[in-house]
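Colleague: coords please:
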Amino acid sequence: MALDAVFLAAVRYELAGQITGMKIDKVQQPERDVVIFSLRDYGGNTLKLLICVGSNDKRIHFTNHRHENPGTPPMFCMLLRKYLTGARIINIIQPPAERILIIEVKTSDAMGISAEKSIIIEMIGHMPNIILTDNKGLIIDCQRRISGELSEKRSVLPGLFYRYPPAQERKINPLEVTQTKFNELLIRAGDETIEKWLITMFTALSPLICREIAWRAYSAADYRIKAINDDGAALNDVFFSFVEKIKANEFIPCVIHSENGSLKDYSYTQIKQYENLYKTKTEESFSSLLDNFYTGISKENRMTERSSATVKAVKTIKDRLLRKITLQKSELEEAGNRDEMRKKGDLITANIHMIKKGQSVLITEDYFSGNGEMCEIKLDPLKNPQQNSAKYYKAYTKAKNAQKFLSGQIESGEKEIEYIDSVLRQLKQVESEHELDEIRNELMITGYIKKQNLQKNKKMKQAESTPHEFRSSCGMRIYAGKNNIQNDKLTFKTASRSDLWFHAQKIQGAHIILSCTDGAADDKSIQEAAAVAAYYSASRGGGKISVDYTFVKHVKKPPGSRPGMVIYYDFKTITVSSDEELVKQLRV
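Modeller: Sure, this is the predicted structure:
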């Protein structure tokens, strides 16, 4: 659901009671569209306020989830740190019926003089924005600069005075409409659904809420205005009941989910229109609702979108390799008939005295069959008998050499596809832009992607990411590699020879290390490390998964093999489930 103005009002009401008076301690920008303020109150309590202005996941809420920062902070992040670090939040307001929040802060300028600034968060259309202004409304900078070339309606650039986005024409604020005006508008309505009419006439109402109003009034989400037979009395009652609850700040954070628990939508009131199709669950707060909803759904969708170009390039490479191997196998099959070439050469040599110049076919007894059968051998009439026999011997030698060469090429190609599959698995499970960049760099190092396509700015180098880290129930450390290069480093450089190494059996997966530096591994820790290996494998979300484990000293890397490719021996196997909840609990 799009975060409408009423839902944003509910969020603002919740935030205002907590962040007013808090100090901005830190500013982070883990992604282009995401800014996180670390807030601290007088008692030392801390909160993290996340602001996202992505085109499809606009929101603001407290967050408890970890976000990985880039090695070098973006310029907008540096500017926010300069002006807002140490600032005290004095108010958070929302213009009437607008998807805009303004966080007013008090800070000090370079001379130590107290000054007020505003953080304006626009969650509108396809160009949402975070804008920092001074006490006069002058724009200091913004996350998304909008010039006249991008928008004819207004420009948002440093040095200009901030102006609100143009209001929606002919739309009415539902909090200001009277019952008389509402009935007049309803009488003039055409033959359309109540949902469409409400969306057309009123601002701040999402399609979900408009359908809910129609359903509560007439037990049908697609009820048409012409079918109303009570002069709109039921619609009037339901509509103004919603309005009164909004005015009284009576909001309920609700998430809509299917029977299997997958999240579908959210709202600030109970949603009944789906009846038995979906269920509505009440959350503790709007922040926990948004944090859980978007961390599970939006983050995955966002990373899928951002990795799509890389996934497409890698799949193209895989398709090319598969076609190449198919042709090589076809040639290898043909090379398997090489003995027939040698036999024909021998028969021509044996009958060389019988072949006449210009002859195109030799019909002779097949001495190799053992039963005196006759056979036909094609000859090149432009060649003499010796040249014809040499042609067949040459074809035999070529096929013999090709078999050795093609067998090696096919084996090498299949290992290459195995490596490509591991990259595709990692791209599917990537959790941050930094991890995605590391996989792209790996593809550059291995020669699959051109260097100039990876890093446009070589100065913006990021620090290497660290493996996923977990703690078993008994306190033992567990690590999971995020990509193939990191898998190699984790197994052969970071881990001790006495540590335990885990990997999903016969399928693509991450290298998992159970650190045994503090003592021998217990059965519970082994079980949990295996569960982590199952989760970070190509069978994530499946049923029971077999996981092999052995000491690190029993893991070897074949010479010349691709990153992440290893062999191991003297191992044991354990069967576990890919338990997402368990992995989340163990995550550090």
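Colleague: which stretches of the stretch 101-250 of the chain form helices?
Modeller: 179-187, 194-201, 207-218, 233-247 (DSSP state H, counting those that start in this stretch).
Colleague: In the stretch 201-350 of the chain, mark out all the strands, start to finish.
Modeller: Taking DSSP state E, counting those that start in this stretch as the criterion, the stretch 201-350 of the chain contains strands spanning 254-257, 263-267, 279-282.
Colleague: and whichever strand or helix holds residue 39, average pLDDT?
Modeller: Counting by DSSP states H and E, the element that carries residue 39 is strand 34-40. Across strand 34-40, the average pLDDT comes to 95.
Colleague: Which other helices and strands does that strand contact?
Modeller: Applying 3 or more C-beta pairs under 8 Å, 6 or more residues apart in numbering; DSSP states H and E, we find strand 34-40 packed against strand 23-31, strand 46-52, helix 75-84. Backbone N, C-alpha and C define where each C-beta goes, glycine included.
Colleague: buried ones in the first one?
Modeller: By that I understand strand 23-31. 23, 24, 27, 28, 29, 30, 31 (16 or more other C-beta atoms under 10 Å).
Colleague: Kindly report the same for the shortest one.
Modeller: Going by neighbour count (16+ other C-beta under 10 Å), the buried part of strand 46-52 is 47, 48, 49, 50, 51, 52.
Colleague: That strand: partners in the sheet, and parallel or antiparallel?
Modeller: Strand pairing for strand 46-52, using DSSP bridges, gives strand 34-40 (antiparallel), strand 59-62 (antiparallel).
Colleague: any idea which of those strands is most buried?
Modeller: strand 59-62 (a mean of 22; mean count of other C-beta atoms under 10 Å).
Colleague: Can you get me the centre-to-centre distance for it and its chain?
Modeller: 20 Å (C-alpha atoms, centre = their mean, to the nearest Å).
Colleague: elements contacting the lengthiest helix in the chain?
Modeller: Ranked by residue count and defined by DSSP state H, the top helix of the chain is helix 385-429. For helix 385-429, the elements it packs on are helix 298-335, helix 338-350, helix 433-445, helix 484-489, judged by 3+ C-beta pairs under 8 Å, 6+ apart.
Colleague: among the ones you listed, which is the most enclosed?
Modeller: helix 484-489 (a mean of 22).
Colleague: I'd like the mean pLDDT over the next helix or strand after it, please.
Modeller: Toward the C-terminus, helix 484-489 is succeeded by strand 500-504 as the next helix or strand (DSSP H and E). Per-residue pLDDT values over strand 500-504 give a mean of 97.
Colleague: now swap in stretch 92-107 and tell me
Modeller: 94.
Colleague: quick one on the thing from earlier: which other residues reach the strand holding residue 39?
Modeller: 19, 22-30, 46-52, 54, 63, 67, 76-77, 80, 84, 89, 130, 143 (C-beta atoms under 8 Å, 6 or more residues apart in numbering).
Colleague: Quickly note the distance from the closest residue to residue 403 other than its chain neighbours to residue 368.
Modeller: Counting by C-beta to C-beta, 6 or more residues apart in numbering, residue 335 is the residue found nearest to residue 403 once chain neighbours are left out, at 4.4 Å. According to C-beta to C-beta, to the nearest Å, residue 335 and residue 368 sit 20 Å apart.
Colleague: neighbours of residue 385, just the number please.
Modeller: 19 (other C-beta atoms under 10 Å).
Colleague: What are the neighbouring residues in contact with it?
Modeller: Contacts of residue 385 by C-beta under 8 Å, 6+ apart are 348, 352, 355.
Colleague: From residue 140, how far out is the second one?
Modeller: Residue 352 sits at a distance of 96 Å from residue 140 (criterion: C-beta to C-beta).
Colleague: three-state assignment of residue 524?
Modeller: helix (DSSP: H, G, I helix; E, B strand; the rest coil).
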